[in-house]
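Quick one, structure for this:
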Amino acid sequence: MLNVYLMIAIAAVANVATVYFMKLSAGLTVPWPIFAMLIANLFTNWFLGRAFAGGAPVGGAVTMLVVGVMVGSLIVGLSFGERIVPIQAVGAVIAIIGVIICNLAPHAT
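Model (predicted):
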């Protein structure tokens, strides 16, 4: 099961890379960041698919991916000079707690 969580974590990092390259593409007008964004998105989907093939539950996996991307996107935003306001930090903490709670529930097999 650890392997499944690793695959989801890699998918989340790849998705954050997708967001980063999307920002660099300046509204999808710069070719190399667009290419990098597409490759990163392919990695996201491939690793998420591997997690599903390894037995990851869809709800838990997608929830972890979304929260990972949300937190990672806040970090990417910081790298571009954006500020995180307190309400965003509170929302991130609530989302992380939600993922933990969702993954505590027994999964139907």
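
ok, now how distant is the closest residue to residue 54 other than its chain neighbours from residue 78?
Once flanking residues are discounted, residue 54 sits nearest to residue 4: 4.5 Å by C-beta to C-beta, 6 or more residues apart in numbering. Where you see a C-beta, it was placed from the backbone N, CA and C, and this is true even at glycine. Here the criterion is C-beta to C-beta, to the nearest Å. By it, residue 4 lies 29 Å from residue 78.

And residue 36, by the same measure?
20 Å.

Please say which of those two ends up with more neighbours.
Shown here are residue 36 and residue 78; by other C-beta atoms under 10 Å, residue 36 has more neighbours (18 against 11).

isn't the more buried one right next to residue 23, touching?
No. Under the criterion of C-beta atoms under 8 Å, residue 36 makes no contact with residue 23, lying 11.3 Å away.

so residue 48 is in which element?
Per DSSP states H and E, residue 48 falls inside helix 31-53.

Give me the next element, helix or strand, following that helix.
By DSSP H and E, the next helix or strand past helix 31-53 is helix 58-79.

in the very next helix or strand once past that following helix, what's buried?
Note on helix 58-79: by DSSP H and E, the next helix or strand toward the C-terminus is helix 86-104. Under the neighbour-count criterion of 16 or more other C-beta atoms under 10 Å, helix 86-104 has 92, 95, 99, 102 buried.

cool, and stretch 3-17?
Applying 16+ other C-beta under 10 Å to stretch 3-17 flags 4, 5, 7, 8, 10, 11, 12, 13, 14, 15, 16, 17 as buried.

Relative to residue 72, how far out is the first one?
The gap separating residue 4 from residue 72 is 19 Å, by C-beta to C-beta.

now do the fourth one
In this structure, residue 8 and residue 72 are separated by 13 Å, where distance is defined by C-beta to C-beta.
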